[in-house]
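Participant: sequence unknown, structure follows:
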DNA sequence: AGCTATTATTTAAATGGTTAGTTAAACTAA
DNA sequence: TTAGTTTAACTAACCATTTAAATAATAGCT
């Protein structure tokens, strides 16, 4: 199809412009004419390279998700200690979603649709790397070692994810509601705060062995 | 305009059908003809009662947000103890977002748009009831009383909100990824788990006064 | 190198289905 | 009578997609 060695200037420009368009207006709100204009390309070029609007949209979703997958690859480093692992995860989510913050609107919209291929791909990506299992295993190990109190692992993990992702996904509104002036600073401090809260939250207290 | 005493059957049916439509397809994806069909009403009726598609959409957003606001009214009961307060908040979010889960797609899409009136209304609603301030004050009080350790209040609050809202907003995907079989049960347990994690997370440990 | 056949890219201009919005007349009930 | 409600048919703009022809680029051959 499209060997990755060449530099197909038009094709690339179309992809860039389409990303902008779909991020701003969504799939059904996005206009092919506007994409062509932004890409400084004749509209028919879009149908030449991608054969339909839906196809073009899908190409963007795929590219984005592929990138996300690669970046999350190193998500859990089993060799490190438990707290370090959590911190590493927290930092990776921070970095990946900060660097890709441009795509947040598209991701939220896709997450809102219940039939979206994005959701399916995301689920596949996550389960292929068995992130949930590895995560649960970490907690289980913490329990066995006696460091963690007894609690529902799933509830705990989802709380941890929520602490991390809620802010990263909805930063604009959250910043506005909670009057976060210096977002950058707030963002950087987030992993430490989250991990500390979480660790203290699940750690057994010193003499609690009934 | 439209006095709230009568029972304008057509008008109501239009609103219902439009909600369904926009929830499923969004504003730009929603079709007026389909709404008319679903409402068993001539398309012109839609323009008779609401004068444009955007207006109709806005009417639905407004109605929904008004209802949300009313239901969140009792959000913080200052008289109760701190932990009880958090639990009450957690439960209210749970109830409100569970009862309105139908509207989640529309909310997520609106949150994704950076110019949405929904976002502005949401921010106004929250700040009119000064929820952020009251929340921060609760934490501050906990610190003064010596019960809470020293930490960034804003970070803590946002973590709390994240634990609660992340799951409620994205339940379908989260359930799928984390293999939550019995969603209802999981949901019901959530407030207690969240509050316990959070309280333990910010409570000072017994002899920690450096 | 030059000439040619073939393939890739680009363009301007349609096409035609879709869709928000309109009109003007008819019906209904107070 | 009068105001509110409903209908069928219409319109005009919009917008994804196509067509057919032109222009570059490339490879093959002598």
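Facilitator: Thanks, I have it. Note that the structure is predicted; figures quoted are calculated from it, not measured.
Participant: for stretch A:194-210, the distance to its chain's centre please.
Facilitator: Offset of stretch A:194-210 from its chain centre (Cα atoms, centre = their mean, to the nearest Å): 28 Å.
Participant: separation between the residue most central in space within chain A and chain B?
Facilitator: When Cα atoms, centre = their mean is applied to chain A, the residue found nearest the centroid is residue A:97 (5.3 Å). From residue A:97 across to chain B, the span is 13 Å (Cβ to the nearest Cβ, to the nearest Å). C-beta here means a position set from N, CA and C on the backbone, and glycine is covered the same way.
Participant: Quick check: that residue is in a helix.
Facilitator: Yes. Using DSSP: H, G, I helix; E, B strand; the rest coil, the secondary structure at residue A:97 is a helix.
Participant: Apart from its chain neighbours, what residue comes closest to it?
Facilitator: residue A:168 (4.1 Å; Cβ to Cβ, 6 or more residues apart in numbering or on different chains).
Participant: so which helix or strand takes in that neighbour?
Facilitator: Secondary structure assigned from DSSP states H and E places residue A:168 in helix A:153-177.
Participant: That helix - contacts with which helices or strands?
Facilitator: helix A:82-99, helix A:104-112, helix A:131-144, helix A:183-202, helix B:117-128, helix B:153-177, helix B:183-202 (3 or more Cβ pairs under 8 Å, 6 or more residues apart in numbering or on different chains; DSSP states H and E).
Participant: export the ones you listed to TSV and tack on distance to residue B:135 and mean pLDDT?
Facilitator: As requested, the helices and strands packed on helix A:153-177 are arranged in TSV below (distance: least, Cβ to Cβ, whole Å; pLDDT from 0 to 100):
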stretch	distance to residue B:135	mean pLDDT
helix A:82-99	23	94
helix A:104-112	24	96
helix A:131-144	28	91
helix A:183-202	15	98
helix B:117-128	10	91
helix B:153-177	5	97
helix B:183-202	12	98
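Participant: ok, back up a step: now the helix holding residue A:168 and helix A:131-144, what's the angle there?
Facilitator: 110 degrees (axes from the mean of the first three to the mean of the last three Cα atoms, to 10 degrees).
Participant: So which bits of helix A:153-177 are buried?
Facilitator: Across helix A:153-177, burial judged by 16 or more other Cβ atoms under 10 Å in any protein chain shown covers A:153-175, A:177.
Participant: Then stretch A:127-138?
Facilitator: For stretch A:127-138, by 16+ other Cβ under 10 Å, it's A:131-132, A:135-136, A:138.
Participant: show me the contacts for residue A:178.
Facilitator: B:132, B:154, B:157-158 (Cβ atoms under 8 Å, 6 or more residues apart in numbering or on different chains).
Participant: and which of these is nearest to DNA strand C?
Facilitator: Checking the contacts of residue A:178 against DNA strand C by Cβ to the nearest atom of the strand gives residue B:132 as the nearest, at 36.7 Å.
Participant: Was I right to think that closest one contacts residue A:179?
Facilitator: Yes. The criterion here is Cβ atoms under 8 Å, and residue B:132 meets it with residue A:179 at 7.3 Å.
Participant: returning to what we had before: can I assume the residue nearest to the centre of chain A is in contact with residue A:169?
Facilitator: Yes. Contact criterion Cβ under 8 Å: residue A:97 and residue A:169 qualify, at 7.2 Å.
Participant: any common contacting residues for the two?
Facilitator: residue A:104.
Participant: Spell out whether the strand or helix carrying residue A:23 and DNA strand C are in contact.
Facilitator: Element membership for residue A:23 (DSSP H and E) is helix A:9-29. Yes. Using Cβ under 7 Å from any atom of the strand, helix A:9-29 comes into contact with DNA strand C via A:9-10.
Participant: Summarise which helices and strands whichever helix or strand comes after that helix is packed against.
Facilitator: Sequence order places helix A:32-38 as the next helix or strand after helix A:9-29, per DSSP H and E. For helix A:32-38, the packing partners by 3+ Cβ pairs under 8 Å, 6+ apart come out as helix A:9-29, helix A:43-49.
Participant: so of these, which one's packed in deepest?
Facilitator: With neighbours taken as mean count of other Cβ atoms under 10 Å in any protein chain shown, the helices and strands packed on helix A:32-38 reach their highest mean count in helix A:9-29, at a mean of 18.
Participant: Show me the contact partners of that helix.
Facilitator: By Cβ under 8 Å, 6+ apart, helix A:9-29 touches A:2, A:30-31, A:34-36, A:38-41, A:45-46, A:49-50, A:53-54, A:56-57, A:59-60, A:63-64, A:102-103, A:105-106, A:109, B:25-29, B:109.
Participant: do stretch A:56-74 and chain B meet?
Facilitator: No. Judged by Cβ under 8 Å from any Cβ of the partner chain, stretch A:56-74 stays clear of chain B, getting no closer than 12.6 Å.
Participant: about what we covered before: redo the helices and strands packed on helix A:32-38 as CSV? Include distance to residue A:197 and mean pLDDT.
Facilitator: Below are the helices and strands packed on helix A:32-38 laid out as CSV (distance: least, Cβ to Cβ, whole Å; pLDDT from 0 to 100):
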stretch, distance to residue A:197, mean pLDDT
helix A:9-29, 32, 97
helix A:43-49, 48, 97
